[in-house]
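Undergrad: got a structure for you, letters missing:
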């Protein structure tokens, strides 16, 4: 069973049971503010939300979406056709670790973006549904493997955008530097104005010099229980 949903200017098939899109991909999409992109790779594309939104925003860019799970890749293919993007966006259902080693992929992209699995396998509640478990826990892709793959596919001075857990930020900084990427901009995401940060959005640049990191004002999701803030409502609007 699947549902048909509407997010900004795209239509989206999703499984009724299994992994479904949260607000995180929309927040990450809005965080990406480069003027131009020629080539984009969406790592762990899921049903295709971020890749499709970026394809619509940057009409001249070549977009590659990579998704490991057959079930989600199948949805992404349907969504590309539904949104008339199948001729502009390529989808590969393979392991990103293998794709990143291909000669034709090395240093080929201006931008890499990922809403990756962010919990270690022995932390948090692991979903009984494999689709959700793989999307949220590092069962098939660790942080080190993700960063190594993204760095390999980015050109020098290419940008990598991701959303992640704040408590893993120290680890992330170290591992990004191990893969020649330097964080240049971050924004913490809070459920409510007085709550602790629940996520952090990050922009890093491959081959950049250390220093010069900008910490943006916090993004608050809700202004009241179940009521989105005006900024989040604006992100959902076209």
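TA: Here it is on my side, so go on. It should be emphasised that the depicted structure is a prediction, and the values quoted were computed from it without experimental measurement.
Undergrad: I'd like the next helix or strand past the helix or strand of the chain with the lowest mean pLDDT.
TA: Every helix and strand of the chain was ranked by mean pLDDT, DSSP states H and E. The lowest is helix 130-136, at a mean of 50. Once the chain leaves helix 130-136, the next helix or strand it forms, by DSSP states H and E, is helix 143-153.
Undergrad: which stretches of this protein form helices?
TA: Using DSSP state H, the helices of the chain run over residues 24-31, 49-57, 70-82, 96-99, 130-136, 143-153, 169-178, 230-236.
Undergrad: out of those helices, which gets nearest to residue 38?
TA: Proximity to residue 38, assessed across the helices of the chain by C-beta to C-beta, is greatest for helix 49-57 (12.1 Å). For the C-beta atoms, the positions are set from N, CA and C on the backbone; glycine is no exception.
Undergrad: poorly predicted segments of this protein, please.
TA: 118-139, 238 (pLDDT under 70).
Undergrad: deepest in the core, which of the helices of the chain is it.
TA: helix 49-57 (a mean of 24; mean count of other C-beta atoms under 10 Å).
Undergrad: next one: it to chain centre, how far?
TA: Using C-alpha atoms, centre = their mean, to the nearest Å, the mean C-alpha position of helix 49-57 is found 11 Å from that of the whole chain.
Undergrad: try stretch 58-65
TA: Offset of stretch 58-65 from its chain centre (C-alpha atoms, centre = their mean): 15 Å.
Undergrad: start the count at 5 instead of 1 going forward.
TA: All right, first residue 5 from here; so that's stretch 62-69.
Undergrad: that stretch: end-to-end distance?
TA: 15 Å (C-alpha to C-alpha, to the nearest Å).
Undergrad: understood, closing this out.
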